[in-house]
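*Asks:* Task: produce atomic coordinates for the following.
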Amino acid sequence: MKQNKSVIIWLLSGCFLVFVMVVVGGITRLTNSGLSMTDWHLLTDTFPPLTEAAWQQEFDAYKQFPEYKLVNIHNDFQLADYQFIYFWEWFHRFIGRIIGLVFIIPFVYFLIKKKLDGETLKKCGILLGMGAFQGFLGWFMVKSGLVNNPDVSHFRLSLHLTFAFITFAYTLWVALDLIYPAKREVIIPLKKLARITLAFLLFQIIYGGFVAGLDAGFIHNHWPLMSDGQFFHESILIEKDSWLLRFTEGKSGVQFVHRTIAYVVVALILFLFFKSKKHSLSKEQKNGLNALVFLVFLQFILGILTLLYSVPMWLGVTHQAMAFFLLAAMTYSLHRLSK
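*Replies:* A predicted model of the protein is given here:
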């Protein structure tokens with residue numbers, strides 16, 4: 001581990017920056033700031049406008065797009081309001097640029113210094129490709145809200161969000177490979193169960209993106225049942241004509257899936273935890289599973305509170321941030337049960 005210490009710090013720094021970027025992305029979404037920058041340039045919009053004239057030029061450009069024409073024009077939306085939403089979108093993109101530099105510059109340095117073995121080099125190459133693709137997904141998402149609809153596609157938003165989580169998890173996995181280079185006997189049943197649990201957790205993250213993109217957290221603000229004391233609210237059947245659309249595009253249906261899968265994720269993690277008691281585990285494995293149980297209950301409570309209070313910004317962002325900690329614990333536990 002000592003010879004790879006600098007590489008490990010680099011990878012964990014990347015994990016932290018991805019975490020920060022997603023948190024800022026959550027604020028960007030909840031402040032309706034995501035469509036404030038109507039174009040993308042690698043260099044020229046690195047910094048926000050510096051003069052009143054430059055600000056007015058950006059604001060005039062924004063006025064040509066659906067969000068202003070169909071929504072904000074009716075809200076007495078002034079330059080100061082625009083500057084507020086512009087800041088969050090600019091900051092989100094700025095962190096993305098920082099992540100790019102933090103990944104590329106040390107990568108080149110480690111390459112020159114021959115600090116990366118063949119396997120790690122290949123994994124880091126994948127990470128660089130994932131980072132570039134994530135940047136593309138960000139613009140692909142924003143573009144969907146600049147044509148006719150003054151909101152981004154919830155499918156594209158979820159794709160952008162979920163891929164950020166996956167990039168974070170893979171970066172952490174590569175770091176863990178270097179932190180724990182020694183192999184140990186794998187407990188196959190626990191490894192398989194951990195993989196299934198991770199798959200359901202990622203599915204839940206996908207639907208978290210759907211809920212955010214559709215603003216589905218602002219309806220049925222009751223728990224444990226939906227509105228009117230119904231487990232499966234009748235509005236699910238009314239919103240869309242087919243079952244597929246009800247559960248992928250209907251606000252009620254998407255919320256129903258998200259709140260239901262939460263129980264499945266909790267149950268799977270508890271099942272994994274209690275099943276692990278039948279085996280002799282290392283300290284790292286025990287710590288990972290203990291953290292997993294603690295975090296899933298904390299996330300479950302945050303999800304309930306976020307729903308009951310109709311997604312106040314601080315709760316919405318905290319709920320999204322906690323999903324990162326839960327995924328980190330899941331990734332760590334799977335790694336320790338796999339190698």
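*Asks:* and the longest helix that the chain contains, what other elements does it pack with?
*Replies:* Ranked by number of residues, the top helix in the chain under DSSP state H is helix 79-112. The contact analysis (3 or more CB pairs under 8 Å, 6 or more residues apart in numbering; DSSP states H and E) places helix 79-112 against helix 5-30, helix 52-62, helix 118-143. Placement of C-beta: from N, CA and C, glycine included.
*Asks:* looking at those helices, which is buried most?
*Replies:* The highest mean neighbour count among the helices and strands packed on helix 79-112, using mean count of other CB atoms under 10 Å, belongs to helix 5-30: a mean of 19.
*Asks:* and the angle from that helix to helix 79-112?
*Replies:* With axes from the mean of the first three to the mean of the last three CA atoms, to 10 degrees defining the directions, helix 5-30 sits at 160 degrees from helix 79-112.
*Asks:* circling back to that earlier point, got CSV for the helices and strands packed on helix 79-112, with distance to residue 109 and mean pLDDT too?
*Replies:* Formatted as CSV, the helices and strands packed on helix 79-112 follow (distance: least, CB to CB, whole Å; pLDDT from 0 to 100):
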stretch, distance to residue 109, mean pLDDT
helix 5-30, 9, 94
helix 52-62, 36, 92
helix 118-143, 12, 91
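*Asks:* For residue 110, which of these is the nearest?
*Replies:* Each of the helices and strands packed on helix 79-112 has some distance to residue 110 by CB to CB; the shortest is helix 5-30, at 6.1 Å.
*Asks:* Just the angle for that closest one relative to helix 118-143, thanks.
*Replies:* 10 degrees.
*Asks:* Quick one: list the elements packing against helix 5-30.
*Replies:* helix 79-112, helix 154-179, helix 313-338.
*Asks:* re the thing from before, turn the helices and strands packed on helix 79-112 into CSV, columns for distance to residue 217.
*Replies:* Below are the helices and strands packed on helix 79-112 laid out as CSV (distance: least, CB to CB, whole Å):
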stretch, distance to residue 217
helix 5-30, 10
helix 52-62, 26
helix 118-143, 19
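*Asks:* Can you tell me which of these is nearest to residue 323?
*Replies:* The closest of those to residue 323 is helix 5-30. By CB to CB, the value is 8.7 Å.
*Asks:* ok now the helix or strand containing residue 297, how far from the chain's centre?
*Replies:* Using DSSP states H and E, residue 297 sits within helix 283-308. Once both centres are worked out by CA atoms, centre = their mean, to the nearest Å, helix 283-308 turns out to sit 17 Å from its chain's centre.
*Asks:* and the angle for it with helix 313-338?
*Replies:* Going by the same axes, to 10 degrees, helix 283-308 makes 150 degrees with helix 313-338.
*Asks:* mean pLDDT for the helices and strands packed on helix 5-30: which is lowest?
*Replies:* Set side by side, these give their lowest mean pLDDT on helix 79-112, at a mean of 92.
*Asks:* what's the angle from it to helix 154-179?
*Replies:* 30 degrees.
*Asks:* What's the local residue count around the residue lying closest to residue 151 once chain neighbours are set aside?
*Replies:* Excluding its sequence neighbours, the residue lying closest to residue 151 (CB to CB, 6 or more residues apart in numbering) is residue 145, at 5.4 Å. Residues near residue 145, counting by other CB atoms under 10 Å, number 20.
*Asks:* Three-state assignment for the nearest residue to residue 334 once chain neighbours are set aside, please.
*Replies:* Nearest residue to residue 334, sequence neighbours excluded (CB to CB, 6+ apart): residue 194, at 4.4 Å. Of the three states, residue 194 takes helix under DSSP: H, G, I helix; E, B strand; the rest coil.
*Asks:* Can you tell me which of the helices and strands packed on helix 5-30 is nearest to residue 200?
*Replies:* Closest of those to residue 200 is helix 313-338, at 10.0 Å (criterion: CB to CB).
*Asks:* buried set for that closest one?
*Replies:* Residues of helix 313-338 classed as buried: 315-324, 326-338 (neighbour count, 16 or more other CB atoms under 10 Å).
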